[in-house]
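Participant: Any chance you could fold what I've pasted below:
(4 chains)
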Protein chains: 2
Amino acid sequence: MGNSETQTRQGGPAGRRYQALADILQDEIETGVYPVGTRMPTELELCNRFSVSRFTVREALRRMIDNGMILRRQGSGTVVVSKNPTTMFVQKLSSIDELLQYSIDTRLKVENSASVEVDAKTAKMIGCDPGDAWHRIESVRYLDEKSPICWSDVYVRPEHQNIADRIGEDTTPVFMVIEKEFGVVAEEVTMDLFAGSIEESKAWVMGVKPGSPTLIIVRKYKDKTGRVFEVSVSEHPAGRFTFSIDLLRSSNSD
Amino acid sequence: MGNSETQTRQGGPAGRRYQALADILQDEIETGVYPVGTRMPTELELCNRFSVSRFTVREALRRMIDNGMILRRQGSGTVVVSKNPTTMFVQKLSSIDELLQYSIDTRLKVENSASVEVDAKTAKMIGCDPGDAWHRIESVRYLDEKSPICWSDVYVRPEHQNIADRIGEDTTPVFMVIEKEFGVVAEEVTMDLFAGSIEESKAWVMGVKPGSPTLIIVRKYKDKTGRVFEVSVSEHPAGRFTFSIDLLRSSNSD
DNA sequence: AACCTATATACGTCCGGACAAATATAATTT
DNA sequence: AAATTATATTTGTCCGGACGTATATAGGTT
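Facilitator: This is a model prediction of the structure:
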């Protein structure tokens, strides 16, 4: 990268200099020049070695941050945290509806609402201890009057139990009602999807044969302290519902 | 932002100037000063209006890009694409394994490999026209010798059919073999999950009763032109497999 | 040895300037 | 009017410099 006279990139490979540098550094990490856990050269050292400005170095490192290969801390330095670029694919959810994957005109109808002590089986499914006190709202989600999509058991904390009255009023998701009403914010949502058989009581409501296949989705909503403030267990009889995910290769242009 | 004398941030609110600017601009977008679909002021105009350098403006706009509010194109300008910061929840897949959700020590065993013309039912499932020519690789994924996890039908383009020999050699995912072998790159992956009943022939191999519930996952791999170059249909008998998604509220400060 | 302090180090923020590359616009030609 | 060309506009890349702020290190104190 001879840069004696000016910086006019004449003769250069039409390339982004920082990208070329990022490629080199990534390669050096992969080949073990900078092992994971160790510290990389400082910005100034990289500037001197490659005869580029700090801007170029920082731009290169910025990309490597996005790729999850390095981690930087002011005053400390740059640490290698991964040998190969991570976050290959990214899913972006642009709205709550995409998260829940229901069109806004579906509606919950509450079948039952009561405080319960969860049994062992449920405790395992929703990820709490047996005997914990939760308020369970049993409901059915309808597309229209005659078309039940899924059975949904919503578990909320006892102190939030009065939100049960609000369910079905409009199409607002339950966790958003809690957010608005009690000020908690869902910082993390985990979803588990697996297949199962529908039990007799629910099968009757859903209009399918007992034991027929269902897609079970367990959603756990956590606030920033990591405390789960809502768990929902939805059972979708086969053919009623498809869960779709669209993953795009992250545009970090490796 | 009175900045008449110098840039030495003396008296300044200890603040990141670009962040303050980003906040202002985001607020102006939300309040309709720059409606969605219209073009925002140029960098130079923002520099003048706020008496900051281009660096600061670009840094602010960069954050708004990450938030999905604006879109920029060289030579063209900056367009508002969203009123409020989108991507409320972001899923990051740190590796291919997370995408496939199998630990690296699972292994595919090919049961059958042949060119087929897809029938109507399969065509609908994998999203192509009936009669289209694909090469189908039927296989079973094992955790160890005795533990089948799922049945997997992998459809690849006829011109890629010879990769069938490579499956099972190591634990590399099929689409990565195609990527490496033929140079195509998966730019987008869509996944559909739903419940179904396992058919008799597969049930026998998987060691479950015919008609028992399964989690069916259909994965479509597209290159950058949008052409699907691989479709895999995996059937996981109930109890064998859980698909987990972890969504984090995107940390774009706001 | 444990604690505090001064210093050096390294990343973060911000400026001004310059040229490159892509796009849009205006002018010209056909 | 349509197509082509020239020009202006706008973002992208890159430089050198300056100072702020957080962290680590070395030194001194208790």
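Participant: What residues does the stretch 51-200 of chain A have near DNA strand C?
Facilitator: Proximity of the stretch 51-200 of chain A to DNA strand C (Cβ under 7 Å from any atom of the strand) is limited to residues A:54, A:58, A:72-78. The C-beta positions use only the backbone N, C-alpha and C, and glycine is treated the same way.
Participant: Among the residues you listed, pick out the one closest to residue A:35, please.
Facilitator: Each of those was scored against residue A:35 by Cβ to Cβ, and residue A:78 proved nearest at 13.4 Å.
Participant: Wait, that closest one touches residue A:70, no?
Facilitator: Yes: with contact defined as Cβ atoms under 8 Å, residue A:78 and residue A:70 form a contacting pair (5.4 Å).
Participant: Helices - which of the residues of the stretch 51-200 of chain A next to DNA strand C land there?
Facilitator: Residues of these located in helices (DSSP state H): A:54, A:58.
Participant: for the residues of the stretch 51-200 of chain A next to DNA strand C, which one is nearest residue B:63?
Facilitator: For these, the residue nearest residue B:63 by Cβ to Cβ is residue A:58; the value is 15.9 Å.
Participant: Leaving out sequence neighbours, find the closest residue to that closest one.
Facilitator: Excluding the flanking residues, the one nearest residue A:58 by Cβ to Cβ, 6 or more residues apart in numbering or on different chains is residue A:43, at 6.5 Å.
Participant: quick one: that neighbour from chain B, how far?
Facilitator: Here residue A:43 is placed at a distance of 16 Å from chain B (Cβ to the nearest Cβ, to the nearest Å).
Participant: Confirm residue A:205 sits in a helix?
Facilitator: Yes: applying DSSP: H, G, I helix; E, B strand; the rest coil, one finds residue A:205 inside a helix.
Participant: quick one: pLDDT of the residue nearest to residue A:58?
Facilitator: Note on residue A:43: pLDDT of 97.
Participant: Residue A:117 now?
Facilitator: 92.
Participant: Contacts only, for it.
Facilitator: Listed by Cβ atoms under 8 Å, 6 or more residues apart in numbering or on different chains, the contact partners of residue A:117 are A:130-134.
Participant: before we move on, back to that, name the member of the residues of the stretch 51-200 of chain A next to DNA strand C with the most neighbours.
Facilitator: residue A:78 (21 neighbours; other Cβ atoms under 10 Å in any protein chain shown).
Participant: quick one: the residue nearest to that residue when sequence neighbours are not counted and residue A:34, what's the gap?
Facilitator: Once flanking residues are discounted, residue A:78 sits nearest to residue A:40: 4.2 Å by Cβ to Cβ, 6+ apart. Using Cβ to Cβ, to the nearest Å, residue A:40 is found at 5 Å from residue A:34.
Participant: what's the helix or strand for residue A:35?
Facilitator: Using DSSP states H and E, residue A:35 sits in no helix or strand.
Participant: before we move on, what about residue A:114?
Facilitator: Using DSSP H and E, residue A:114 sits in strand A:107-117.
Participant: who does that strand pair up with?
Facilitator: Strand A:107-117 has these partner strands in its sheet, going by DSSP bridges: strand A:133-142 (antiparallel).
Participant: and the angle from the helix or strand that the partner strand is followed by to strand A:133-142?
Facilitator: Note on strand A:133-142: by DSSP H and E, the next helix or strand toward the C-terminus is strand A:148-156. In terms of direction (axes from the mean of the first three to the mean of the last three Cα atoms, to 10 degrees), strand A:148-156 departs from strand A:133-142 by 160 degrees.
Participant: Rounded mean pLDDT for the following helix or strand past strand A:148-156, please.
Facilitator: The C-terminal neighbour of strand A:148-156 among helices and strands, as given by DSSP H and E, is helix A:174-182. In this model, helix A:174-182 has an average pLDDT of 87.
Participant: same question, stretch A:75-85
Facilitator: 89.
Participant: Give me the distance between residue A:219 and residue A:160.
Facilitator: Remark: distance between residue A:219 and residue A:160 (Cβ to Cβ) = 16 Å.
Participant: same deal with residue A:239?
Facilitator: Counting by Cβ to Cβ, the separation of residue A:239 from residue A:160 is 34 Å.
Participant: same check, this time on residue A:49
Facilitator: Residue A:49 is 58 Å from residue A:160, by Cβ to Cβ.
Participant: quick one, which of the two is more surrounded?
Facilitator: residue A:160 (18 against 12).
Participant: Enumerate every residue touching that one.
Facilitator: Residue A:160 neighbours (Cβ under 8 Å, 6+ apart): A:135, A:178, A:181-182, A:229.
Participant: just residue A:204 next, same as before
Facilitator: Residue A:204 touches residue A:210, counting by Cβ under 8 Å, 6+ apart.
Participant: what about it, distance to DNA strand D?
Facilitator: With distances taken as Cβ to the nearest atom of the strand, to the nearest Å, residue A:204 is found 58 Å from DNA strand D.
Participant: follow-up on the earlier one: what is the burial count for the residue nearest to residue A:58?
Facilitator: A total of 16 residues lie near residue A:43 under the criterion other Cβ under 10 Å.
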